[in-house]
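Chemist: Provide a 3D model corresponding to the input given below.
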Amino acid sequence: MIKNTHPLCFDSLEQYNLWRAAARQSYPGSSHICADCTPEYQAKMIKEHRCEKPLARFIKEDGEMVGKAKWRE
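Modeler: Prediction:
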């Protein structure tokens, strides 16, 4: 079985690596990739069976919508 090299919600390893490079400049918080997600994109990824954290919730922090998920469950 081949293990994914990137989270399923990213279209490619290259796209994920670009996100990681940007995240190093502005720490995304403890929710990892979910911090930069949106409720709309999460719904799309759930429908496509590509969301690894479908129980992530979205809250407003400092006026911005931020995704929160547990990554070490």
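Chemist: CA atoms for contacts and neighbours, from now on please.
Modeler: Fine.
Chemist: shaky segments in this structure?
Modeler: Filtered on pLDDT under 70, the chain yields the residue ranges 1-3, 27-31, 71-73.
Chemist: got the residue ranges for the helices in this protein?
Modeler: Taking DSSP state H to define them, one finds helices in the chain at 13-25, 39-47.
Chemist: what sits up against the shortest one?
Modeler: In this structure, residues lying in contact with helix 39-47 by CA atoms under 8 Å, 6 or more residues apart in numbering are 9, 51, 54, 58.
Chemist: 10 Å instead?
Modeler: By CA atoms under 10 Å, 6 or more residues apart in numbering, the residues outside helix 39-47 that reach it are 8-10, 34, 38, 48-58, 65-67.
Chemist: buried only: go through the residues you listed for me.
Modeler: Among the contacts of helix 39-47, those classed as buried by neighbour count (16 or more other CA atoms under 10 Å) are 8-10, 34, 50-51, 53, 56-58, 65-67.
Chemist: just send those back as a markdown table, with distance to Gln25 too.
Modeler: Output for the buried ones among the contacts of helix 39-47, formatted as a markdown table (distance: CA to CA, whole Å):
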| residue | distance to Gln25 |
| --- | --- |
| Leu8 | 23 |
| Cys9 | 21 |
| Phe10 | 19 |
| Cys34 | 17 |
| Arg50 | 26 |
| Cys51 | 24 |
| Lys53 | 24 |
| Ala56 | 23 |
| Arg57 | 24 |
| Phe58 | 22 |
| Met65 | 19 |
| Val66 | 17 |
| Gly67 | 18 |
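Chemist: thanks again, I'm all set now.
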